[in-house]
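# Everything below, folded, please.
(chains A, B, C and D)
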Protein chains: 2
Amino acid sequence: MQHRKLATIEDVAAIAGVSIATVSRAINEPTKVADETRRRVAEAVARTGYTTNAMARSLRMRRSNMILILAPDVGDPNFSNILVGLETEASKRGYGVLIGNTQNDPAREADYLRFINSNQADGLILLTGHLPYGIGAAGSAMRLPPMVAVNEPVSNSDVPFVGVDNFEGARIAAEHLIAQGHRRIAFIGHSTSKAVNKLREQGYRAALSGAGLAIDPLLILDGDGTTESGRAATEHMFVRDVLPTAFLCVNDATALGVIISLTARKYDLPRDFSVMGFDDISFASFVTPSLTTMKQPRHRIGEGAMDLLLALLAGETPANTEVLLRSELIVRNSVGAPRRA
Amino acid sequence: MQHRKLATIEDVAAIAGVSIATVSRAINEPTKVADETRRRVAEAVARTGYTTNAMARSLRMRRSNMILILAPDVGDPNFSNILVGLETEASKRGYGVLIGNTQNDPAREADYLRFINSNQADGLILLTGHLPYGIGAAGSAMRLPPMVAVNEPVSNSDVPFVGVDNFEGARIAAEHLIAQGHRRIAFIGHSTSKAVNKLREQGYRAALSGAGLAIDPLLILDGDGTTESGRAATEHMFVRDVLPTAFLCVNDATALGVIISLTARKYDLPRDFSVMGFDDISFASFVTPSLTTMKQPRHRIGEGAMDLLLALLAGETPANTEVLLRSELIVRNSVGAPRRA
DNA sequence: GTGAAAGCGCTAACAT
DNA sequence: ATGTTAGCGCTTTCAC
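The predicted structure is shown next:
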């Protein structure tokens, strides 16, 4: 069995006693073939174990049924379930998924475009937050493939985006803190460059304003989303001696930094301070105290993005060029009532 | 630029004033072409922005330069860096990587084989621990593609394997515990079915025997590698009132279960008990106490596996059909001297 | 409802 | 060193 030559459409046609055109139709447009003929073809297919050769089909049809996913780091826990969602949806719709781990290296980004150029991939999913190097360049012979951005939008572009509603999520988070009685709530993760940070900060501000609370600029600290930035910001607050009762962090990694700093200073959480994150990455439930946070519907984000891309591929022009999914409040043990309420 | 028809080899040939065969040679076997001709072709390629159509080439050559990776769950933190390693090496060697998330569903496994059948993928990486459903079946028309198993070997097969040396790693782990003064060391994660568990248990036994310590069957408990199994095993020990001073767990997830159980019983770790894991998955450093464990060289495992597969594809017959990499002892805070040494 | 034949873009055998 | 040509396996007009 092992090395027997693979059956082709000709083999099937010979066995079924029809032409290859009929076999092709029987498989791809069953309604255009007589019942009896279809039955004979099906039988021949079964007997030969025939599968249509995707390369030949792709060459002829000029499409590969493959999607290229460009991500800076496939191993990033933030991406993992998005990838699963992307793959699941693609697979369900008969598409294969090709991964490109770019490590934010322009050379690698450019290199992966060969898949697009040579029709090895019909569409592109961008987890990188920017167009691959070489694709936007004026005068480049590159044609723009259908694409959608996930997780992080592509700034200054009209690339459709699927992701979480950061504004709304941060607002819900801040409102949760307020509902616990907090009035002095810090926001850790201010950034002038990161769109995600900006939106979450806006959500924070909206919640405070909505509750009639003043916004204290001293309680809004810079942060780039790393654990170290969370630690540094917290230390900075102690140095300045301007302290909140609760820390709303731009993401879980930052929150971890805050917790590390607070724990090192022997504070008891959440008795002395409350800390909230955003994302619900895998370690969130293992930290002590386990982290109250906003969970991103990663799997659904992946599915949604792939669904949108396939719609684009099918020539549809979807109404929404921006799909925002809601995050979910996950209550764990890092938030309590303020000590001196 | 955008939608101009892609240049083909004919366009290039026309501009360079040579035949398409010469263009093909100039690109793929440059030495077989005169310098001047090569130069002209290069110029024409540059002018047209020509890239060879991979579909046509694959159809003709019967190979795609693609590798299919079958994994039960691409999002599994245990896999993440292995995937990165696999992808990095493949990309470096001019191969693309296709991912198949099987969810251990036989139907999906079988479905993904269409990539192999239709030459869309030349080789297979198995992270599943078993042959895909439908591939081994007697009488199946499926040809066996070159493949290598990663992380978990395929039992009862001669599929080459690349992974960590579980026996050696567990022995080093147990020896670390012994070196801290422990004499009553439990092994959590005995299994008659899982090869990984068996090997790690053997490493544990070897270390104890090597140190002249008796092996107490009451200190070896069943476990399937889940957090829950770690918790259950620990509770069971308290019920039986047979306690060790240290727990060597078959993996980090199990160790987490042990820690949860011990912490719930108000024990202070590592003062009252020491706990060791295996794998060094991402949360290991975030648990309290942070987990002393054996780190798997995941990135190198991925690279090594891809390297082996590409060697197979090149027709080489590698000396080693089993590549075992060494794990590394990561000392954190879950291990100390036994309380009553 | 079905068949004949063209052709997708390329590589490789053969010829020169 | 270069050109001619046959196909890789399929889909899709165009006839019948």
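# so what's the residue in the stretch 201-341 of chain A positioned nearest to DNA strand C up against?
As assessed by CB to the nearest atom of the strand, DNA strand C sits closest to A:Leu313 within the stretch 201-341 of chain A, at 18.9 Å. Any C-beta I mention is one placed from the backbone N, CA and C, and that applies to glycine too. Residues near A:Leu313 by CB atoms under 8 Å, 6 or more residues apart in numbering or on different chains: A:122-123, A:146.
# Which one of those residues is nearest to B:Ala319?
A:Asp122 (41.4 Å; CB to CB).
# give me phi/psi at the closest residue to that closest one other than its chain neighbours?
Among residues not flanking A:Asp122 along the chain, A:Arg63 sits closest, at 5.1 Å (CB to CB, 6 or more residues apart in numbering or on different chains). According to degrees, to the nearest 10, the main-chain angles of A:Arg63 amount to phi -150, psi 150.
# Look up how far DNA strand C lies from A:Arg63.
The gap separating A:Arg63 from DNA strand C is 12 Å, by CB to the nearest atom of the strand, to the nearest Å.
# again, but for A:Phe79
33 Å.
# Could you quantify the relative orientation of the host helix or strand of that residue and helix B:77-92 as an angle?
Assigned by DSSP states H and E, A:Phe79 belongs to helix A:77-92. Put simply, helix A:77-92 runs at 70 degrees to helix B:77-92, going by axes from the mean of the first three to the mean of the last three CA atoms, to 10 degrees.
# for helix A:77-92, which positions count as buried?
A:77-91 (16 or more other CB atoms under 10 Å in any protein chain shown).
# can you check stretch A:99-111 too?
Within stretch A:99-111, the residues scored as buried using 16+ other CB under 10 Å are A:99-102, A:108-111.
# tell me which of those is nearest to B:Phe283?
Of the buried residues of stretch A:99-111, the one sitting nearest to B:Phe283 (CB to CB) turns out to be A:Asn101, at 22.4 Å.
# Spit out the contact partners of the closest one.
A:71-74, A:108, B:84, B:87-88, B:91.
# Mind listing the residues bridging to it?
Note on A:Asn101: beta-bridge partners by DSSP bridges are A:Ala71.
# so who does the closest residue in space to A:Ser285 that isn't next to it in sequence touch?
Sequence neighbours aside, A:Arg332 is the residue nearest to A:Ser285 in space, at 6.6 Å (criterion: CB to CB, 6+ apart). By CB under 8 Å, 6+ apart, the contact list for A:Arg332 reads A:284-285, A:289-293.
# What ranges does chain A have for its strands?
Listed in chain order, the strands of chain A (DSSP state E) span A:66-71, A:96-101, A:123-126, A:147-150, A:161-164, A:185-190, A:220-222, A:246-249, A:274-276, A:293-295, A:322-325, A:328-330.
# deepest of these, which one?
Most buried of the strands of chain A by mean neighbour count (mean count of other CB atoms under 10 Å in any protein chain shown) is strand A:246-249; its value is a mean of 31.
# isn't A:Met294 right next to A:Ala255, touching?
No - using CB atoms under 8 Å, A:Met294 is not in contact with A:Ala255; the gap is 10.9 Å.
# Tell me if the helix holding A:Phe79 is near chain B.
Yes - using CB under 8 Å from any CB of the partner chain, helix A:77-92 reaches chain B at A:77, A:80-81, A:83-84, A:87-88, A:91.
# Between those residues, which sits nearest DNA strand C?
Once CB to the nearest atom of the strand is applied, the member of the residues of helix A:77-92 next to chain B that ends up nearest DNA strand C is A:Ser91, at 25.6 Å.
# contacting residues around that closest one?
Contacts of A:Ser91 by CB under 8 Å, 6+ apart are A:97, B:100-101, B:108, B:111.
# For stretch A:14-30, list the C-alpha coordinates in PDB.
Taking Å, rounded to 0.1, in the frame of the first residue of the first chain, the C-alpha atoms of stretch A:14-30 are listed here in PDB:
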ATOM      1  CA  ALA A  14     -11.600   5.300 -16.100                       C
ATOM      2  CA  ILE A  15     -13.100   3.200 -13.300                       C
ATOM      3  CA  ALA A  16     -16.400   5.100 -13.300                       C
ATOM      4  CA  GLY A  17     -16.500   5.000 -17.100                       C
ATOM      5  CA  VAL A  18     -16.900   8.700 -17.500                       C
ATOM      6  CA  SER A  19     -14.700  11.600 -18.500                       C
ATOM      7  CA  ILE A  20     -12.500  13.500 -16.100                       C
ATOM      8  CA  ALA A  21     -14.700  16.600 -16.500                       C
ATOM      9  CA  THR A  22     -17.600  14.600 -15.200                       C
ATOM     10  CA  VAL A  23     -15.600  13.400 -12.200                       C
ATOM     11  CA  SER A  24     -14.700  17.000 -11.500                       C
ATOM     12  CA  ARG A  25     -18.300  18.100 -11.600                       C
ATOM     13  CA  ALA A  26     -19.500  15.100  -9.600                       C
ATOM     14  CA  ILE A  27     -17.200  16.300  -6.800                       C
ATOM     15  CA  ASN A  28     -17.500  20.000  -7.000                       C
ATOM     16  CA  GLU A  29     -20.900  20.600  -8.500                       C
ATOM     17  CA  PRO A  30     -22.900  17.500  -7.700                       C
END
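# what's that stretch in contact with?
With CB under 8 Å, 6+ apart as the criterion, stretch A:14-30 contacts A:9-10, A:12-13, A:32-33, A:37-38, A:40-45, A:47-48, A:52.
# quick one: buried residues of it?
Buried-residue list, stretch A:14-30, by 16+ other CB under 10 Å: A:15-16, A:18, A:22-27.
# is DNA strand C contacted by it?
Yes - with CB under 7 Å from any atom of the strand as the threshold, stretch A:14-30 lies in contact with DNA strand C, specifically through A:17-22, A:25.
# which residues touch the nearest residue to A:Thr234 once chain neighbours are set aside?
Nearest-residue entry for A:Thr234: A:Ser261, 3.8 Å, with adjacent residues in sequence omitted and distances by CB to CB, 6+ apart. Going by CB under 8 Å, 6+ apart, A:Ser261 touches A:230-231, A:234-235.
# can you rerun that using 10 Å?
For A:Ser261, the contact set (CB atoms under 10 Å, 6 or more residues apart in numbering or on different chains) comprises A:227, A:230-238, A:247, A:267.
# Can you say which of these are buried?
Counted by 16+ other CB under 10 Å, these give A:227, A:230-234, A:237, A:247 as buried.
# Just name the closest of those to DNA strand D, please.
Distance ranking of those against DNA strand D, using CB to the nearest atom of the strand, places A:Thr227 first at 51.4 Å.
# The closest one contacts A:Ile281, doesn't it?
No - contact criterion CB atoms under 10 Å: A:Thr227 and A:Ile281 do not qualify, at 11.3 Å.
# picking up where we left off before, figure out how far the helix holding A:Phe79 is from the centre of its chain.
Distance, stretch centre to chain centre, for helix A:77-92: 8 Å (CA atoms, centre = their mean, to the nearest Å).
# What is the burial count for A:Ala179?
Using other CB atoms under 10 Å in any protein chain shown, A:Ala179 has 10 neighbouring residues.
# typed the wrong thing, it's A:Pro318
Residues near A:Pro318, counting by other CB under 10 Å, number 13.
# and the closest residue to it other than its chain neighbours, how far is that from A:Ile67?
Nearest residue to A:Pro318, sequence neighbours excluded (CB to CB, 6+ apart): A:Ala311, at 5.3 Å. Shown here: A:Ala311 relative to A:Ile67, a distance of 13 Å by CB to CB, to the nearest Å.
# Now the common contact residues for the two.
Taking CB under 10 Å, 6+ apart as the contact rule, A:Ala311 and A:Ile67 both touch A:146, A:148.
# So is the helix or strand bottoming out on mean pLDDT in chain A next to chain B?
Least confident helix or strand of chain A, by mean pLDDT, DSSP states H and E, is helix A:106-117 with a mean of 91. Yes - Helix A:106-117 comes into contact with chain B (CB under 10 Å from any CB of the partner chain), by way of A:108, A:111-117.
# any weak-confidence spans in the stretch 51-200 of chain A?
Within the stretch 51-200 of chain A, the segments meeting pLDDT under 70 span A:136-143.
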